[in-house]
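> Have a look at this fold, sequence not included:
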């Protein structure tokens, strides 16, 4: 495809050519010269009817109409026409930002993918699904589903330079996929910011001489509390207890039972101070004003990060994407020196293969891949749209995916070394040492921090690390929403980006207020369970099918060759066309049939709460058929003609750069492939796909 970048001349065919004509609306035929660079070479070249007046409006590099002689061939310098188009484009709309350096994009993707889930979600899923056995489906889905989809989204985002809504000009009938991405990301940003809220609360409570979760001498503690510097082992007979062979107490007091679960001071701080947990989702209780202030601060931080743009945020990620590894390493070293840590690590890496027979394990592994890597969420498309056109997105896909999953695996050692010590201290099995859920990051890790010298200082650093991790991911998801709307409605929103972002954050803040009540944790888990689990798999499946079969994997490979100078490995095409969609469809069906409703500890959700969860899930699925029906109803022609046209790219699909877009369109014509067309256009009378496609000048 090197000829795409080396050829400087474009030939404008006159009406003397038997294959060309003027439609009376200032349209002319354009075609590339042959690959040998011979001027006037037209043999075998496909033709496209393009409206000259409309070209620059759509950022197409088309010569001025004044330069075109309708009766004679004309040689046009594409550099000159491109400069005119670029100048006109710059006058009509703001230019789209680009990453300052390529590392900005790489670290931003790592920061987006390596989020809070690597610290609190992955270890929690491992513990709930048989320890090390969970790693088998997790890494299986990484190579068969996660990485191919990650690469696919980087490709279309980088090639088009468009956000998730506008990028579906590649297939207008399925533009609902873009809306589903934006809606799903919008829902997740609401409850994801609640995690940042908890981090800010812990961060504020860390500025003390003694951490409040280090002892059991506080108003929220119970009689079953085990302090950070205490254990229940080696109790004496004066406490009416005897010890078993391992040093754990065996009570002789008839008024005390062995069934009572001991809780660490950190767990009680999380349950009874931070959350003030109510009895169930039916009892929301009062608003925790401390958390409300932290929620406001969280949204303010997110807003400030988005206002700075990618050029400044791209520099911040050099710190936020690397500092977490330093703190994880320090915590791992300290954790391994604690008693019981080895048992925790062995529990983590020892697989229980019986768990692999449970569909829930595979479904949650698939969900975790979507949750961590972020395919089908729109964030990858958004960030890739700011890339340089010739960036090596294959390399970036492999680096980011391995970094993300490797970090999750590495963080598991840190967490389970601490869990092993907590189990040792409280005389409980590791699987029962902490309540399942996001509280792992807010009980296990704070417990570990109390073991370090000058623990308040370490706590500040640790929660600052969590804050940067959360902000990176939140930035990507919220940028997906704002950029999606701004790119879709540039006339109304592009000049008011800051105001629109502020209003969007304010709305999200108001919606998030119920999450900071005493029953907010239950709402959080319902949304976390349903908002993205099934929606992400449906979106990713359709995205893969549409781009592989409707747009065409072969054409996608030609686009990649245009970007990178060579075609990628055949492995990616095999995954996009066969392996990835089959696995996703299978997992989706079995997950819907067999996946059990969520629970929080021993609490089971009522039926209406489960129904509410499914309604949330449908919010990001229903737009796909609704948008398809709407676009079909708005198109012209018979039903078959409408569907046929809506399955084809619009004329704005292609590289964002005007020069590259003309080269792209010309190369398709020369190779006898269909040119991008407008959704309102009607196909020519000819059924030959190599014939020209009329582009209506009405748009």
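Happy to help now that I have it. Because the structure is predicted, anything quoted here is derived from the model rather than measured.

> So residue 116 sits against residue 471, correct?
No - counting by C-beta atoms under 8 Å, residue 116 does not reach residue 471; the two are 9.9 Å apart. C-betas here are computed from N, CA, C, even on glycine.

> could you check the distance from residue 659 over to residue 666?
Relative to residue 666, residue 659 is positioned 11 Å away (C-beta to C-beta, to the nearest Å).

> Can you pick out the residue with more neighbours from the two?
Per other C-beta atoms under 10 Å, whichever of residue 659 and residue 666 has more neighbours is residue 666, with 24 against 18.

> which element is that one on?
Element membership for residue 666, per DSSP states H and E: helix 658-670.

> quick one: the strands in the stretch 451-600 of the chain?
Remark: strands assigned in the stretch 451-600 of the chain by DSSP state E, counting those that start in this stretch are 599-600.

> Any stretches of it with poor pLDDT?
Low-confidence segments of the stretch 451-600 of the chain (pLDDT under 70): none present.

> now residue 459, nearest residue through space, not along the chain?
In this structure, residue 459 finds its nearest non-sequential neighbour in residue 206, 3.8 Å apart by C-beta to C-beta, 6 or more residues apart in numbering.

> Model confidence at that neighbour, what's the number?
In this model, residue 206 is scored at 94, pLDDT.

> Show the contacting residues for it.
456, 459, 460, 463 (C-beta atoms under 8 Å, 6 or more residues apart in numbering).

> Same list (those residues) but as TSV, adding neighbour count and distance to residue 124.
Shown next, in TSV, are the contacts of residue 206 (neighbours: other C-beta atoms under 10 Å; distance: C-beta to C-beta, whole Å):
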residue	neighbour count	distance to residue 124
456	18	26
459	24	21
460	16	24
463	24	18
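
> okay but residue 388 is in contact with residue 102, surely?
Yes - the pair residue 388 and residue 102 passes the contact test of C-beta under 8 Å, sitting 7.3 Å apart.

> Low-confidence bits of this protein, can you list those?
Within the chain, the ranges that satisfy pLDDT under 70 run 1-96, 227-261, 308-309, 311-313, 433-439, 667-699.

> and the gap between residue 335 and residue 269?
Residue 335 sits 19 Å away from residue 269 when distances are taken as C-beta to C-beta.

> out of the two, which sits in the busier spot?
Neighbour totals were compared for residue 335 and residue 269, and residue 269 leads with 28 against 24 (other C-beta under 10 Å).

> Distance of the closest residue to the more buried one other than its chain neighbours relative to residue 551?
Spatial nearest neighbour of residue 269, excluding adjacent residues (C-beta to C-beta, 6+ apart): residue 213 at 3.7 Å. Distance, residue 213 to residue 551, by C-beta to C-beta: 53 Å.

> Give me the more crowded residue out of these two.
Taking neighbours as other C-beta under 10 Å, residue 213 and residue 551 compare with residue 213 leading, 31 against 19.

> Go ahead and confirm residue 175 touches residue 625.
No - contact status for residue 175 versus residue 625: not in contact, 11.8 Å apart, counting by C-beta under 8 Å.

> tally of neighbours for the residue lying closest to residue 105 once chain neighbours are set aside?
Distances taken as C-beta to C-beta, 6+ apart put residue 99 closest to residue 105, at 4.6 Å, once the chain neighbours are dropped. Neighbourhood size, residue 99 [other C-beta under 10 Å]: 19.

> quick one: contacts for the residue nearest to residue 269?
By C-beta under 8 Å, 6+ apart, residue 213 lies in contact with 228, 265, 266, 268, 269, 270, 446, 447, 450.

> now, which of these sits nearest residue 643?
residue 270 (53.6 Å; C-beta to C-beta).

> Pull up the gap between the closest one and residue 115, please.
From residue 270 to residue 115 the distance is 20 Å (C-beta to C-beta).

> So between those two, which is more surrounded?
Neighbour tally, residue 270 and residue 115, criterion other C-beta under 10 Å: the higher count belongs to residue 270, 30 against 27.

> ok, the more buried one - contacts?
Counting by C-beta under 8 Å, 6+ apart, residue 270 touches 213, 439, 442, 443, 446.

> Take these and write them to JSON lines, including secondary structure and distance to residue 182.
Listed next are those as JSON lines, based on DSSP: H, G, I helix; E, B strand; the rest coil; distance: C-beta to C-beta, whole Å:
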{"residue": "213", "secondary structure": "coil", "distance to residue 182": "38"}
{"residue": "439", "secondary structure": "helix", "distance to residue 182": "30"}
{"residue": "442", "secondary structure": "coil", "distance to residue 182": "30"}
{"residue": "443", "secondary structure": "coil", "distance to residue 182": "34"}
{"residue": "446", "secondary structure": "helix", "distance to residue 182": "35"}
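
> Among the residues you listed, which pair sits farthest apart?
Maximum distance among those (C-beta to C-beta): 12.1 Å, for 213 and 439.

> And the strands in the chain, which stretches?
9-13, 27-32, 48-51, 74-77, 225-226, 241-243, 249-251, 263-264, 599-600, 603-604, 693-694 (DSSP state E).

> pretty sure residue 174 contacts residue 626?
No - using C-beta under 8 Å as the test, residue 174 is too far from residue 626 to be in contact (12.0 Å).

> which of those two has more neighbours?
Remark: of residue 174 and residue 626, residue 174 carries more neighbours, 23 against 12, as counted by other C-beta under 10 Å.

> which residues sit against stretch 533-546?
Under C-beta under 8 Å, 6+ apart, the answer for stretch 533-546 is 145, 148-149, 152-153, 170-171, 174, 177, 180-181, 184, 363, 366-367, 370-371, 375-377, 576, 580-581, 584-585, 587-588, 591-592, 595, 617, 620-621, 624.

> and what of stretch 446-457?
With C-beta under 8 Å, 6+ apart as the test, stretch 446-457 has contacts from 202, 206-211, 213-214, 228-229, 264-267, 269-270, 331, 334-335, 338, 414, 418, 421-422, 458-459, 462.

> Go through that stretch and flag the buried ones.
For stretch 446-457, burial by neighbour count (16 or more other C-beta atoms under 10 Å) applies to 446, 447, 448, 449, 450, 451, 455, 456.

> Any idea how far stretch 480-490 is from the middle of the chain?
16 Å (C-alpha atoms, centre = their mean, to the nearest Å).

> in the stretch 251-400 of the chain, which spans are helices?
All helices of the stretch 251-400 of the chain, identified by DSSP state H, counting those that start in this stretch, fall at 265-268, 289-307, 309-320, 323-336, 341-349, 359-373, 379-384, 393-426.

> Dump those to a markdown table, plus distance to residue 542.
Formatted as a markdown table, the helices of the stretch 251-400 of the chain follow (distance: least, C-beta to C-beta, whole Å):
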| stretch | distance to residue 542 |
| --- | --- |
| helix 265-268 | 42 |
| helix 289-307 | 28 |
| helix 309-320 | 28 |
| helix 323-336 | 34 |
| helix 341-349 | 36 |
| helix 359-373 | 14 |
| helix 379-384 | 14 |
| helix 393-426 | 20 |
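
> Highest mean neighbour count out of the ones you listed?
helix 379-384 (a mean of 30; mean count of other C-beta atoms under 10 Å).

> Report the contact partners of the residue nearest the centre of the chain.
The centroid of the chain falls nearest to residue 374 when counting by C-alpha atoms, centre = their mean (2.8 Å). Residue 374 makes contacts with 112, 113, 150, 380, 476, as judged by C-beta under 8 Å, 6+ apart.
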